[in-house]
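1. Pasting a predicted model and its sequence here:
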Number of protein chains: 4
Amino acid sequence: MIRRRHPSATLSTTRTEAFTDGVFAIAATLLVLDLTTHSLGEVSSDAELWSALGDMWGLFLNFALSFVLLCLLWMTHVRQFEHIARVDGMMIWLNNARLLFIVLVPFSTGTVTEYSDFYAGRLILPINFFFAILFSWLQWRWAVAHRAEMMPDLSDADAVAYGRGALSALLLSLVVLALAPWIGSIAFTVFLLDGILTRALRGKGS
Amino acid sequence: MIRRRHPSATLSTTRTEAFTDGVFAIAATLLVLDLTTHSLGEVSSDAELWSALGDMWGLFLNFALSFVLLCLLWMTHVRQFEHIARVDGMMIWLNNARLLFIVLVPFSTGTVTEYSDFYAGRLILPINFFFAILFSWLQWRWAVAHRAEMMPDLSDADAVAYGRGALSALLLSLVVLALAPWIGSIAFTVFLLDGILTRALRGKGS
Amino acid sequence: MIRRRHPSATLSTTRTEAFTDGVFAIAATLLVLDLTTHSLGEVSSDAELWSALGDMWGLFLNFALSFVLLCLLWMTHVRQFEHIARVDGMMIWLNNARLLFIVLVPFSTGTVTEYSDFYAGRLILPINFFFAILFSWLQWRWAVAHRAEMMPDLSDADAVAYGRGALSALLLSLVVLALAPWIGSIAFTVFLLDGILTRALRGKGS
Amino acid sequence: MIRRRHPSATLSTTRTEAFTDGVFAIAATLLVLDLTTHSLGEVSSDAELWSALGDMWGLFLNFALSFVLLCLLWMTHVRQFEHIARVDGMMIWLNNARLLFIVLVPFSTGTVTEYSDFYAGRLILPINFFFAILFSWLQWRWAVAHRAEMMPDLSDADAVAYGRGALSALLLSLVVLALAPWIGSIAFTVFLLDGILTRALRGKGS
């Protein structure tokens, strides 16, 4: 008798986007706490202050790196949700899982800074981003699998193109994971190959 | 002469939703501070770092648990406000009370982690979530009682279905409260029964 | 020759509302840091943990009080901007001044908790809220003075009613300021008289 | 065959604005942590408490200064995006760079407070704001260069006027940078000349 299988089986994306933007904005801004809690130590001259600030270069670099990576993941979210019109419960949970790993970024960043001398310390940030990208990919797969309901306006060509982009990011995050123990955070520069790899995957489907 | 009983007796929900999304996003992200302020201690080898991270499993678990519960409460809010078109002063105050207990979650989570050896320590998080869910239920009751004004588009069937869902969550949070002193945070797994209990309550009205 | 006096002399309120909601949500959520950084001390039994939590009642009370006051000020903002359609530069600066005192609330709350034994300590929070309410009142005055441009849809009766409400809050915050040195934060209960005073001011214009 | 050069080459600005508002709101609110973590020391009388609060005047001033500057930069963003309808990848990255320096403000503010005795300490905040304004200017240049696509509704006169405003802010931030080592944060008062300089630049094009 009831034609719909559930009241409000799907929801509009407005609130999910607002919650996501909030979490990303806060995680990105909390990164600064790593800098503010760092003590510059006793300083008694200009030269010493410049040198104390210079000694923080590792902190600044990690701060900037995590900020850029968060922006990258946020932009992926924005591009995906430009097409997603409705979400179901599974989509929101996949989104929550994605955000769980975003929230962890300030912790991972702090650990990298402190323990970059160890393999383990160099692996934490890549592992964190790998999972964030994995759930980003899973969420997109789910949306594509329920395309009629969730992305009625997406053309076939766009679905394939976005699938390639998401897969490229996932593969590159695996490469980062493999390289990071040996070369540290420099490994994240492989994300610069994203454009090339996305094009290389052309024609292999979503 | 004045036909309306008060200027702007009701307000649109846009701002209430934005404020709510903000509070949830910040509370969820502040959970990470519990991890970042935890010191891994002196570490002199990879094995020691992995072991120090492993010793944090309790912290990670509590972090993930509170994050998931916050997401659950946020999703309840989203689903309810998908139908609520206008709010009055009482609705906003019930919403504020709800948010008061959301804001407390980072505190309760930190306490659980530190004092899980005591009955009292295991009770704080369940008490916190019980009150958040209680006000969520009261808010829904109020909205249903003023349905004509606040949710003109909600069908009778949906009102009943949502009422069952809200009641199910309230009952389950009482069960968690009763079990938590004995089995700790594992008690929260009873929320997995939510779907079953909601269906069991079918036919009992809103 | 140029008919408009300035490019975009007025702006839509969307961004101002979003920024305001964000600042209120964060200030309200940061209040919890006062609780999380409080150490419960060494605890070796359930009785000691309950008693340590009980000793925090002053902290909890101040936390709840500031949360409720922030919600009150936020709701005033929401009600005002329900009518304001456009803002000019002065409106945004008055809004920024208002937010400056909102951002200070977590600081004032922490001070009250620690120094409530002194007149000065009991005055800081009332002073803080007085200025927040003062700028709220000034902002409303400005909007009313430029009603044609900013609130084209507001009726005369509503303008008067809102003016009374804003004036009532301002007068009450002065009473709190006068009483707080003698009776402490209990003075804030005079805000419960808001409804009565607003009605008492009826007929005195905006 | 594909007529568009890329799927979704441009995006609507809604999410970028939400993310930006969030980052500004959080950065502005985190400024208070500089005050809350400041210890007032042992206080045993009202006179001592007032004096301890008075000794914080430097902290309060820096707090208010950074808050006002953040509001200024936020308002610039709002005014610019009042006209920008679509953004491409480069615009979002310029926006991210802008936000990177916004996120750094709580760190720079803390450093100024602590090390204002040194040239270096007085330079950090002006450098921070210079880069934020630089990227603000670059973003506007980019938007103007792609005006047809991104700001179809902007008139030529407005484009010129806004260009002058952005250039004026950039020049003034350079003046601040030059003066700050000698006169400290008072240098920021040159921003009060913004209106005059903007008019002085009139007729020099965008």
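-> Received, thanks.

2. where do the strands sit along chain A?
-> Applying DSSP state E to chain A gives strands spanning A:11-12, A:86-87.

3. Buried deepest among the ones you listed, which one?
-> strand A:86-87 (a mean of 21; mean count of other Cβ atoms under 10 Å in any protein chain shown). For the C-beta atoms, the positions are set from N, CA and C on the backbone; glycine is no exception.

4. Can you tell me the closest non-neighbouring residue to the residue most central in space within chain A?
-> Geometric centre of chain A, nearest residue: residue A:73, 3.4 Å, by Cα atoms, centre = their mean. Leaving out its chain neighbours, the residue that sits closest to residue A:73 by Cβ to Cβ, 6 or more residues apart in numbering or on different chains is residue A:132, at 5.7 Å.

5. ok, the residue nearest to residue A:101 when sequence neighbours are not counted - contacts?
-> Nearest residue to residue A:101 in three dimensions, chain neighbours excluded: residue A:132, at 3.9 Å (Cβ to Cβ, 6+ apart). Each residue near residue A:132 by Cβ atoms under 8 Å, 6 or more residues apart in numbering or on different chains is listed here: A:73, A:98, A:101-102, A:105.

6. how about 10 Å then?
-> Residue A:132 is in contact with A:69-70, A:73, A:76, A:97-105, A:169, A:173, counting by Cβ atoms under 10 Å, 6 or more residues apart in numbering or on different chains.

7. so which of these comes closest to chain C?
-> The closest of the contacts of residue A:132 to chain C turns out to be residue A:103 (Cβ to the nearest Cβ; 13.9 Å).

8. so the closest one makes contact with residue B:28?
-> Yes - between residue A:103 and residue B:28 there is a contact under Cβ atoms under 10 Å: 6.2 Å.

9. Got the confidence number for residue A:45?
-> Listed pLDDT for residue A:45 reads 86.

10. Let me have the helix or strand of chain A with the lowest mean pLDDT in CSV, keeping just the CA atoms, if that works.
-> Using mean pLDDT, DSSP states H and E, helix A:194-200 stands out as the lowest-scoring helix or strand of chain A, at a mean of 80. The C-alpha trace of helix A:194-200 is given here as CSV (Å, rounded to 0.1, in the frame of the first residue of the first chain):
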residue,chain,number,x,y,z
ASP,A,194,47.2,13.6,-10.7
GLY,A,195,46.4,15.3,-14.0
ILE,A,196,48.6,13.0,-16.1
LEU,A,197,47.4,9.8,-14.4
THR,A,198,43.7,10.9,-14.8
ARG,A,199,44.4,11.3,-18.5
ALA,A,200,46.3,8.0,-18.7
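
11. got the contact list for it?
-> With Cβ under 10 Å, 6+ apart as the test, helix A:194-200 has contacts from A:72, A:161-162, A:164-169, A:171-172, A:175, A:190-191, A:193.

12. Apply 6 Å and report the result again.
-> A:164-165, A:168 (Cβ atoms under 6 Å, 6 or more residues apart in numbering or on different chains).

13. Check stretch A:163-183 too.
-> Residues contacting stretch A:163-183 (Cβ under 6 Å, 6+ apart): A:119, A:122-123, A:126, A:129-130, A:133, A:137, A:140, A:187-188, A:190-191, A:194, A:197-198, A:201, A:206.

14. is stretch A:23-31 anywhere near chain D?
-> Yes - using Cβ under 6 Å from any Cβ of the partner chain, we find that stretch A:23-31 touches chain D at A:25-26, A:29.
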